[in-house]
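J.: Below are the sequence and a predicted model; questions follow.
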Amino acid sequence: MPLINVIPGDKIPTAPMNVRVPVWRVPGWLLVLWWTLRGAFRATVLAVRFWWLTGPAALVAWIWADFGWQTLLVVLATLAAAGIAWWRWHRASWWRFVWWPLLGRWRRLFVYRRGWAPAMATCGLATTFGGDKYVPQLVKVRATAVGDELTVRMLPGQHPDDWGKAAPRLAYTFRVRDGRARTHRRPDRIVLVFLRRDPLATTIAPLPVPTSLDLERLPLGVQENGDPYALRLAGSHVLVGGATNAGKGSVIWALIAALAGGIQQRLVELWVFDPKGGMELAGGLPLFTRFVYDTAETMAGALEDAVVRMRARANRLRGVTRQHTPTPGDSLIVIVIDELAALTSYISDRKVRDRIRESLSLLLSQGRAVGVHVIAALQDPRKEVLPFRDLFPTRIALRLTEAEQVDLILGDGARNRGALADEIPETSPGVAYVALDGVREPVRVRFAYHSDSDIQDLCRRYGYAQVVEGEIVEGER
Ligand SMILES: Nc1ncnc2c1ncn2[C@@H]1O[C@H](COP(=O)(O)OP(=O)(O)OP(=O)(O)O)[C@@H](O)[C@H]1O
């Protein structure tokens, strides 16, 4: 039986429920005991959590109380002398075990924890549900020479990309230079990296040339956390995208320098294509096995030669090995192309253009296993300019002019994951975003810069041959 008559369409008034809450009488002493126990528990938790402050404070209090202030002074002076001696004799371990852990804890307490909840709310990373507020938990702060790494427990429903987008705003909120988010090995956590200073702000001098050829790790520059950056060429082709004066030349020269030891030992042949008339790369002639800069016809021919070499090698290695190992008689062929679009799009002769495109697609799709690698630089990454973009496993994005170009070079979603290549300032040539093995987010790096005299020096020490348009001219070693 309904309690009220319902006429369809009428609003049903909601009567407030009349509930009587049972009244419990709690004795005053029990309340006081509860508050005391709760206060003691919280104080213990705080004391344990901030042991690095409470521990030394307790020690100081104990020495002072039991042995007097003179003893305390002697102990403090001894500790200070030991600290100074440690710093003098082994700075690396002092920074690592004393200074950075202390600085991390300090910054956690006085920089990040203080403004944490408001920062999360204003950057859209906190939420409310059922009337309750939820704020991501700051788990750990690790200070390094260049910045802070914050490990944060994400809220349910959040994705690392949400943090990637918010990281630059968070950086400004905490008054640091730059910020990005990196995935953590645990899926419920994220690492925020905030830079206090930029190790990529100044030009990187040429790195020492490796004496033995290691295609897994060619040293090319420095990462933004100060670590060296090494590129894996084994089994890969490299695409370098960047606007005019972004530093494409410096990436190519850093790669050539990293291969110079192998060139000298005849483990590596450089086939260099410079469609801009040879201005950019001619300085390295003694390092090149082939240097082609002339007509489109010549370049098409040279690429076809590379395809012939690749096929002959593939026939020889088929069934013997799955990966070519360079030897002096059977060297790695590295094809360097400065401005790829000049070969694939800007050639008016259609027949020649088709020949070039065909050779390039063969080299890119079949060359990796047989030791033929392509390193190509490009200004305009639009699809019509570069039909083979997906055949380059390794991509490098220098400064770009438009945000959309970032994903064209580095792959879909790269900009959302923090690759702000379009925001690299013109004053930082050679700075780029790259993908590292096993790291989801692109990493910012700066490539070493080789001046004309560095290039001459490289040629003097490692060069052996001069080749102009296919004609090998053996030079002095
Ligand atoms: N890694 C670097 N570190 C410092 N300065 C650099 C670096 N790379 C390039 N530069 C500076 O920027 C200038 C332009 O560099 P580069 O010629 O390599 O650019 P690019 O992208 O090849 O330009 P273009 O498209 O015109 O060929 C250089 O003359 C040099 O002064």
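T.: Structure's in. What do you need?
J.: contacts and neighbour counts: CA atoms only from here.
T.: Fine.
J.: how about the helices in the protein?
T.: Remark: helices assigned in the chain by DSSP state H are 28-49, 51-67, 69-89, 91-94, 100-107, 116-122, 160-173, 248-264, 296-317, 341-344, 350-366, 404-410, 452-462.
J.: The ones you listed: lowest mean pLDDT?
T.: Of all the helices of the chain, mean pLDDT reaches its minimum on helix 341-344 (a mean of 82).
J.: name the helices or strands packed onto it?
T.: In terms of contacts (3 or more C-alpha pairs under 8 Å, 6 or more residues apart in numbering; DSSP states H and E), helix 341-344 is packed against helix 350-366.
J.: So which elements touch the helix it packs on?
T.: helix 296-317, helix 341-344, strand 372-378.
J.: Deepest in the core, which of these is it.
T.: Stretch with highest mean neighbour count among these: strand 372-378 (a mean of 24; mean count of other C-alpha atoms under 10 Å).
J.: Could you measure from the nearest residue to Trp95 once chain neighbours are set aside over to Leu76?
T.: Leaving aside its chain neighbours, Trp95 sits nearest to Trp87 (7.9 Å; criterion: C-alpha to C-alpha, 6 or more residues apart in numbering). Trp87 sits 16 Å away from Leu76, going by C-alpha to C-alpha, to the nearest Å.
J.: So between these two, which is more surrounded?
T.: Trp87 (16 against 13; other C-alpha atoms under 10 Å).
J.: just checking, Ala254 touches Ser451?
T.: No: assessed by C-alpha atoms under 8 Å, Ala254 is found out of contact with Ser451, at 10.8 Å.
J.: which one of the two has more residues nearby?
T.: A count of neighbours by other C-alpha under 10 Å puts Ala254 above the other of Ala254 and Ser451, at 23 against 13.
J.: Please work out how many residues are found near Met154.
T.: The number of residues near Met154, taken as other C-alpha under 10 Å, comes to 21.
J.: Over to it: give its phi and psi.
T.: phi -80, psi 160 (degrees, to the nearest 10).
J.: Just the pLDDT for it.
T.: 94.
J.: what residues are up against it?
T.: 136-137, 188-190 (C-alpha atoms under 8 Å, 6 or more residues apart in numbering).
J.: Which members of those are classed as buried?
T.: Among the contacts of Met154, those that count as buried by neighbour count (16 or more other C-alpha atoms under 10 Å) are 136-137, 189-190.
J.: Tell me the one among the residues you listed nearest to Ala61.
T.: Gln137 (33.1 Å; C-alpha to C-alpha).
J.: And the residue nearest to Thr54 when sequence neighbours are not counted, how far from Phe41?
T.: Distances taken as C-alpha to C-alpha, 6+ apart place Ala47 nearest to Thr54, at 5.9 Å, with adjacent residues excluded. According to C-alpha to C-alpha, Ala47 and Phe41 sit 10 Å apart.
J.: Might you enumerate the residues of the protein proximal to the ligand?
T.: 203, 242-250, 429-430, 447-449 (C-alpha under 6 Å from any ligand atom).
J.: dump the residue contacts of the residue in the stretch 251-400 of the chain positioned nearest to the ligand.
T.: Closest to the ligand within the stretch 251-400 of the chain is Gln379: 6.5 Å, counting by C-alpha to the nearest ligand atom. Residues near Gln379 by C-alpha under 8 Å, 6+ apart: 241-244, 339, 341.
J.: quick one: it and Pro210, what's the gap?
T.: Distance of Gln379 to Pro210, given as C-alpha to C-alpha: 30 Å.
J.: do the same with Thr289
T.: From Thr289 to Pro210 the distance is 20 Å (C-alpha to C-alpha).
J.: Of the two, give the one with the bigger neighbour count.
T.: Thr289 (27 against 16).
J.: bridging residues for the residue nearest to the spatial centre of the chain?
T.: Taking C-alpha atoms, centre = their mean, the centroid of the chain lies closest to Val443, which sits 1.2 Å from it. As for beta bridges, Val443 partners with Val434 under DSSP bridges.
J.: got a list of what it touches?
T.: Residues in contact with Val443 (C-alpha under 8 Å, 6+ apart) are 223-224, 419, 433-436.
J.: among those, which one has the lowest pLDDT?
T.: Per-residue pLDDT puts Leu436 lowest of these, at 74.
J.: looking at it, that one is touching Leu410, isn't it?
T.: No: look at Leu436 against Leu410 with C-alpha under 8 Å: they stay out of range, at 11.6 Å.
J.: Pick out whichever of these two has more residues nearby.
T.: Just comparing Leu436 and Leu410: by other C-alpha under 10 Å the higher neighbour count belongs to Leu410, 26 against 15.
J.: got a list of what that one touches?
T.: 395-397, 434-435.
J.: ok now do the nearest residue to Arg446 once chain neighbours are set aside, which residues does it touch?
T.: Closest residue in space to Arg446, ignoring its immediate chain neighbours: Val431 at 4.2 Å, by C-alpha to C-alpha, 6+ apart. The neighbourhood of Val431, defined by C-alpha under 8 Å, 6+ apart, consists of 200, 246-247, 398-399, 424, 444-447.
J.: Of those residues, which belong to strands?
T.: 444-447 (DSSP state E).
J.: Separate out the buried members of those residues.
T.: 444-447.
J.: Among the residues you listed, which one lies nearest to the ligand?
T.: Phe447 (4.5 Å).
J.: is it true that that closest one touches Ile252?
T.: No: here Phe447 does not reach Ile252: they are 9.5 Å apart, not a contact under C-alpha under 8 Å.
J.: what about the residue of the stretch 51-200 of the chain found nearest the ligand, how many neighbours?
T.: Residue of the stretch 51-200 of the chain nearest the ligand, by C-alpha to the nearest ligand atom: Leu200 (9.2 Å). Using other C-alpha under 10 Å, Leu200 has 20 other residues around it.
J.: got a list of what it touches?
T.: So Leu200 contacts 222-224, 431, 445-446 (C-alpha under 8 Å, 6+ apart).
J.: do the same with Val191
T.: By C-alpha under 8 Å, 6+ apart, Val191 lies in contact with 149-152, 181-184.
J.: Leaving out sequence neighbours, find the closest residue to it.
T.: Per C-alpha to C-alpha, 6+ apart, closest to Val191 is Thr151, 4.6 Å.
J.: number of nearby residues for that neighbour?
T.: By other C-alpha under 10 Å, the burial measure for Thr151, its neighbour count, is 21.
J.: If it is in a bridge, with which residues?
T.: Under the criterion used (DSSP bridges), Thr151 bridges to Lys140, Val191.
J.: separation between it and Arg186?
T.: Distance from Thr151 to Arg186, by C-alpha to C-alpha: 11 Å.
J.: Need the distance between the two termini of stretch 91-103.
T.: End-to-end for stretch 91-103, by C-alpha to C-alpha: 16 Å.
J.: which residues touch it?
T.: With C-alpha under 8 Å, 6+ apart as the test, stretch 91-103 has contacts from 86-87, 142-145.
J.: Recalculate using a threshold of 10 Å.
T.: Here stretch 91-103 makes contact (C-alpha atoms under 10 Å, 6 or more residues apart in numbering) with 52, 83-88, 106, 108-109, 141-145, 148.
J.: And this structure, what are its domain boundaries?
T.: 46-195, 218-474 (automatic domain parsing).
J.: Understood, closing this out.
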